[in-house]
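In: I would like the atomic coordinates for the input below:
(2 chains)
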Amino acid sequence: MSSNTASSSAGAAGSGDSSAARKNSKRPKYSKFTQQELPACKPILTPGWVISTFLIVSVIFIPLGVISLFASQDVVEIVDRYDTECIPTPARTNKIAYIQGGGDKVCTRELKVPKRMKQPVYVYYQLENFYQNHRRYVKSRSDSQLRSPKYENQISACKPEDDVGGQPIVPCGLIAWSLFNDTYALSRNNVSLAVNKKGIAWNSDKEHKFGNKVFPKNFQKGNLTGGATLDPKIPLSEQEDLIVWMRTAALPTFRKLYGKIESDLEIGDTILVTLKNNYNTYSFNGKKKLVLSTTSWLGGKNDFLGIAYLTVGGICFFLALAFTIMYLVKPRRLGDPSYLSWNRNPGGR
Amino acid sequence: MVRSGSFHVDSSSASHRRTPSRTVTLGHIQPQAPSYRTVYCNDRESNQPVRFKGNSISTTKYNVFTFLPKGLFEQFRRIANIYFLGISCLSMTPISPVSPITNVAPLSMVLLVSLIKEAFEDWKRFQNDMSINNSTVEILQDQQWISIPWRKLQVGDIVKIKKDGFFPADILFLSSTNADGICYVETANLDGETNLKIRKALERTWDYLVPEKAYEFKGEIQCEQPNNSLYTFTGNLVAQKQTLPLSPDQLLLRGCSLRNTEYIVGAVVFTGHETKVMMNAMNAPSKRSTLEKKLDKLIITIFCVLVTMCLIGAIGCSIVTDREDKYLGLHKSDWEYRNGLMIGFFTFFTLVTLFSSIIPISLYVSIEMIKFIQSTQFINRDLNMYHAETNTPASARTSNLNEELGQVEYIFSDKTGTLTRNLMEFFKCSIGGISYGCGVTEIERGIAQRHGLKVQEEQRSTGAIREKGFNFDDPRLMRGAWRNEPNPDLCKELFRCLAICHTVLPEGDESPEKIVYQAASPDEAALVTAAKNFGFFFYRRTPTMVHVRESHVEKMGKIQDVAYEILNVLEFNSTRKRQSVVCRFPDGRLVLYCKGADNVIFERLGNGTDDIRKVTREHLEQFGSSGLRTLCLAYKDLNPETYDSWNEKFIQAKSALRDREKKLDEVAELIEKDLTLIGSTAIEDKLQEGVPTCIETLSRAGIKIWVLTGDKMETAINIAYACNLINNEMKQFVISSETDAIREAEERGDQVEIARVIKEEVKKELKKSLEEAQHSLNTVAGPKLSLVIDGKCLMYALDPSLRVMLLSLSLNCTSVVCCRVSPLQKAQVTSLVRKGAQKITLSIGDGANDVSMIQAAHVGIGISGMEGMQAVMASDFAIAQFRFLTDLLLVHGRWSYLRICKVVMYFFYKNLTFTLTQFWFTFRTGFSGQRFYDDWFQSLFNVVFTALPVIVLGLFEKDVSASLSKRYPELRASMRSRPKVPKK
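Out: Next comes the predicted model:
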């Protein structure tokens, strides 16, 4: 409010050097920056440039797309949805009652190997419509508790699965509580097929995030049982199923590594899976799938990358072609001033 | 500065602010302060109870304690900051999906940057204040001059100011070392005028010069309360039981400096913030650019988008979560998950925090930074806009209107000093019905060229005198030849009138070659210079006398010094439009000389000289059509008795405390009548360099240019011709008050009748013109249109009932010339277009009379480096020459507009992509509001990671080079028709 212009002039008056300053030239100093003459490039989009750019893009992208599509096609994948099939027909009217009921819920599935699968063959379980990324779910864990026994009592984030009768649950929280607990036993031609469950978790997780002195305590002792139980004698850093599960998925449809088969599967082999169907996905209409898959240098089976490359490359090629034809059929002089807006409709003001 | 509101209030009616401190507030009744203040000179004790303000000034906004609260308050007046404060608070609660840092970090960073900027600016102001407050001044204490710092000065103190010193406060001038108690002051800090002004002490106080004597001075000053009017001061000095009237002549204002005087002694009247210059120090109304206003609307739109997104999410969440998802561990006890409505309600706020980044927090800060660099580095330092002759670079006085320059559609220009150079040269005159002077003006040459005539080469008679202010050539008048003319007596009166009737100050040697005239306006200097060259050399002025060295008066070749006693000066002002001097010849003859605008003088002529009057009117029209500025001169012989009785009234009016100006004007009317016409003078004002080209370029860029001038219609039209505004292919509509019907009504003299007739006439003309204009617009390739209207008609045309017609007519015209308009009308016309047509307007002018117009337009431009500083002080940009408008509008304005638009687009682009990704993710997390980005990434995204690219774009983006955009001004027109920012 009180700032003003006149005070500054009065200020100059106060210092009393106005006459000396007046003689100095006020001519601004030259610099490329202030005169806005810094070198710059402004490419002019001539037909030659545009067509060749599109061509180059398509030449690079189309082969890349083909290669990644082939890589994806190389991957052999067996997917078997079993959530409904594994409930006996009479119980299907009330799946939730069945899954919450007692008894062994054993179920067998037969899988045919369509193509030769080179080892290692990865065994995944795939859940759908399971929001592991739900805000309430994601934050319900205690990273410090998982890391070291010192922080056993840091369970404030874990509600509602934080303690049992005042005793902290280790590992606490909804994520650990809802640990996946279907098990798979595989056999090929009546010979059991070893599934290696070691080395399925990230090493960094094992070494840094899950302590080797932290043992499960009071786990699944609450009035509601969620998922799997943990052996209280094995430290968390060795509980690889838990570690895999605790790395929450970003999307509601996700696969988690169950184990690895370290032998080749031949074409036509029949694989018998004896699974225990324990995990309740029925209450939220989730799906459960068993997946056996090989990998390529690009990872698992996913055609998206190849298709994306092919599409972009294809569009560029088409544009290059279209522009070439336009250029040949109806060429236009570059920089024709008659196209300027003020030349186009004379009389317009 | 809470009191500032009352600064504007008329001091006589409501100056309740400056009362003795003892005022007590009783209910609603506040004791009325006296409408004057009493100051006891040289008596600190008597002044004590009143507690006048001290002389220290503070222009800072904050102090150490108020900085944080007040600074933050200022920041939170910005709606975006309030929004982010709200979001930050939300993010502290458990419903937030993000950690508080996400929103607190960018907000505090933005606040920090703004606060540092504020603190830095305030610190500079503080240092400035300190250096002023600590400069020293000598005051009288115990018969001695003692040096004290300015801040300790008090009202009533007797101070001594030495040569070239600055006045520390508003001081009543008591005595000076100069004879006759006068001193010279320079007011450059006040109004930028560098010519010296005379101040004159009251005769009774002349003696109080030495400390011993001054110590005895015990006066009582009764004067008006502090106010902001620089040129008025009324009061009385009561000393030795006598009451003496005080006038602005005795007041030395803070900020001015003493010149050509060894030292002066004065009494302090107003101090510190109560001085006139400080009271004037009001912030110019800050203008916001239209783009910024659009931006606000855009932000509101984005906010609506945000609310919609959150609503979708909230509804989604309440539908999806209303199931028994075991793994979420939902219990009935979780009250926020009790039912769909609750879930939706809380999710809404969760999502608001999550999506908050859709509103770009750093947008305003970045734009401010970009504009600041644009104006300080690019506009202020552009060598193309540096004027070497006056050593003036362009200066952007505000940085928030850069891009507005690129959108200007209407330019309102002053004529004198803006289109023309304001270097006045005496060019022609008419004496007793005979026209003298045989030069050809630039404008006449231009007219001749348009008519295809060959222009004669200028033939100057041998020995013609040419100097600054004088470009007159006619052997009939020079070197005493006027004695042989038919009317030698009138010639003599004309020359005397020129030499006597003025307020010019001579400086330097008293020889015709070396003398320098200090004049308030270049016209005056030109006239006095002319008198000098005709042989009436004005060489010395004392407060009561004007000394003129006259040649050839009695007989050829004889030179004599004559001293005329100046009895009264009736000063020039814009309402009177004339100036008179009553003087006594050495032989006792009493004469009133008067010069002024033709209509004013003609109204006041006596009977008898009808033929001269008629011929002179013709000459005036001729002069006007050659683009010359004309003045009429008249005189009147007075007899001593009438003069004495009049003089009494004059002195009474002069010592009036209230309405002095008005009373003086009334008294002047009494004597300024029955004048005898001498003749008229014509002064040429040349066009500024490059004006026609500049105007042509600008009109090619689709900008319409209006000229608003106080000059006569003929002069205005001719200037308009000369600078390409009007040409012969155009269809001209002229609405003038000089029609027969109006003149007839004027002669009948009834005011109400005149008003009615003029209004009718104007309405008729407007209607006719509008019909024609619309007709010619409908025909293909019809001629371009132009409108010329004079001030009197404009007054009626601006009437609400006719305003619409005037607007639609003038908007159809390519160029409009308004002549004989007052400063107020200039502003009215500007706001008519601004408000009525919703177009971006620009006003350009150089003088105090353009200030209101400059403030009324979207963008105000002052011409710097010439006459006064008032226009520059009120302006947003100051340039030295009219032609620099090309660079300012077509290069800087255009680029700034382009850049700021791109920056805004960029900002919204990056924030929308950032947030819409998050929005998409919300659908994949069961609308739970889980965040997609890392906390730190989200908080630094706007203020750090993406800050620089935007700023670089805002500084360096160019679509075409500067030379191309000047060569093809149409580029600008095409840019404007395609708004980059969606219109709301």
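In: on contacts alone, who are the packing partners of the longest helix along chain A?
Out: Counting by DSSP state H, the longest helix found in chain A is helix A:47-74. In terms of contacts (3 or more CB pairs under 8 Å, 6 or more residues apart in numbering or on different chains; DSSP states H and E), helix A:47-74 is packed against helix A:304-329. Quick note: C-beta positions are derived from backbone N, CA and C, even for glycine.
In: Show me the contact partners of the helix or strand just after the helix it packs on.
Out: The element immediately downstream of helix A:304-329 (helix or strand, assigned by DSSP states H and E) is helix A:341-344. Contacts with helix A:341-344, where a contact means CB atoms under 8 Å, 6 or more residues apart in numbering or on different chains, come from A:Pro337, A:Ser338, A:Gly348, B:Glu970, B:Ala973, B:Ser974.
In: how many neighbours does the last one have?
Out: Spelled out, that is B:Ser974. 14 (other CB atoms under 10 Å in any protein chain shown).
In: give me the low-pLDDT residue ranges for chain A?
Out: Along chain A, the model assigns pLDDT under 70 to residues A:1-24, A:344-349.
In: Would you mind measuring from B:Gly86 to A:Tyr122?
Out: 49 Å (CB to CB, to the nearest Å).
In: and the spatially most central residue of chain B, which of the three is it?
Out: Against the mean C-alpha coordinate of chain B, by CA atoms, centre = their mean, the closest residue is B:Val851 at 2.5 Å. Here B:Val851 is recorded as helix under DSSP: H, G, I helix; E, B strand; the rest coil.
In: repeat for B:Phe427
Out: B:Phe427 - assigned by three-state DSSP - is strand.
In: Spatially nearest residue to it, not counting backbone neighbours?
Out: Counting by CB to CB, 6 or more residues apart in numbering or on different chains, B:Glu684 is the residue found nearest to B:Phe427 once chain neighbours are left out, at 4.1 Å.
In: beta partners of that neighbour?
Out: With DSSP bridges applied, B:Glu684 shows beta-bridge pairing to B:Glu425, B:Leu628.
In: For A:Asn278, which residues are in contact?
Out: A:Ile99, A:Lys105, A:Asn181, A:Asp182, A:Thr183, A:Gly227, A:Ala228.
In: Now, the residues you listed that are in helices?
Out: A:Ile99.
In: With respect to A:Leu265, which of the contacts of A:Asn278 is nearest?
Out: Of all the contacts of A:Asn278, A:Leu265 sits closest to A:Thr183, with 20.1 Å by CB to CB.
In: ok so, going back, which positions within the longest helix of chain A qualify as buried?
Out: Neighbour counts over helix A:47-74 (16 or more other CB atoms under 10 Å in any protein chain shown) mark A:51, A:54-55, A:57-58, A:61-62, A:64-65, A:68-69, A:71-72 as buried.
In: mind giving me the domain split of chain B?
Out: B:36-43+B:153-279, B:56-135, B:314-419+B:690-710+B:814-984, B:420-684 (automatic domain parsing).
In: Would you reformat these as CSV and include mean pLDDT?
Out: Converted to CSV, those look like this (pLDDT from 0 to 100):
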stretch, mean pLDDT
domain B:36-43+B:153-279, 82
domain B:56-135, 84
domain B:314-419+B:690-710+B:814-984, 84
domain B:420-684, 81
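In: Redo these as TSV? Include distance to A:Leu272.
Out: What follows is the domains of chain B, written out as TSV (distance: least, CB to CB, whole Å):
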stretch	distance to A:Leu272
domain B:36-43+B:153-279	98
domain B:56-135	45
domain B:314-419+B:690-710+B:814-984	30
domain B:420-684	104
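In: Tell me which of the ones you listed sits nearest to A:Tyr151.
Out: Smallest distance to A:Tyr151 across the domains of chain B (CB to CB): 19.4 Å, for domain B:56-135.
In: And the closest one, end to end?
Out: 11 Å (CA to CA, to the nearest Å).
In: what about the helix or strand harbouring B:Leu112, near chain A?
Out: Under the criterion of DSSP H and E, B:Leu112 resides in helix B:101-133. Yes. Helix B:101-133 is in contact with chain A by CB under 8 Å from any CB of the partner chain, via B:Arg125, B:Asn128, B:Asp129, B:Ser131, B:Ile132.
In: from memory the third one sits against B:Ile57, does it?
Out: Yes. The pair B:Asp129 / B:Ile57 is scored as a contact, 5.9 Å apart, by CB atoms under 8 Å.
In: Comparing those two, which residue is more hemmed in?
Out: The residue with more neighbours, out of B:Asp129 and B:Ile57, is B:Ile57; 27 against 20, by other CB under 10 Å.
In: tell me the secondary structure for that one?
Out: At B:Ile57, secondary structure determined by three-state DSSP is coil.
In: B:Arg199 too?
Out: When classified by three-state DSSP, B:Arg199 comes out as strand.
In: how near is it to chain A?
Out: Applying CB to the nearest CB, to the nearest Å, the value for B:Arg199 to chain A is 17 Å.
In: Beta-bridge partners for that residue, please?
Out: Here B:Arg199, judged by DSSP bridges, has bridge partners B:Cys183.
In: since we're on the residue nearest to B:Phe427, how many residues are nearby?
Out: Neighbour count of B:Glu684, defined by other CB under 10 Å: 25.
In: Look up how far chain A lies from it.
Out: B:Glu684 is 30 Å from chain A, by CB to the nearest CB.
In: mind listing the helices for chain A?
Out: Using DSSP H, helices in chain A cover A:6-15, A:18-23, A:47-74, A:95-100, A:135-138, A:143-147, A:174-177, A:203-204, A:240-246, A:304-329, A:341-344.
In: Pick the most buried one from these.
Out: Highest mean neighbour count of those: helix A:174-177, a mean of 26 (counted as mean count of other CB atoms under 10 Å in any protein chain shown).
In: List just the nearest of the buried residues of helix A:47-74 to B:Thr715.
Out: Looking across these and measuring by CB to CB, the closest to B:Thr715 is A:Ile51, at 62.3 Å.
In: who are the neighbours in contact with the closest one?
Out: Shown in contact with A:Ile51 (CB under 8 Å, 6+ apart): A:Ala320, A:Phe323, A:Thr324, A:Tyr327.
In: let's go with 10 Å and repeat that
Out: A:Ile51 makes contact with A:Leu319, A:Ala320, A:Leu321, A:Ala322, A:Phe323, A:Thr324, A:Met326, A:Tyr327 under the criterion CB atoms under 10 Å, 6 or more residues apart in numbering or on different chains.
In: And B:Arg476, by the same measure?
Out: B:Ile431, B:Ile434, B:Tyr436, B:Gly437, B:Cys438, B:Trp482, B:Asn484, B:Glu485, B:Cys491.
In: Sort out for me which of the residues you listed are in helices.
Out: Per DSSP H, the contacts of B:Arg476 map to helices at B:Cys491.
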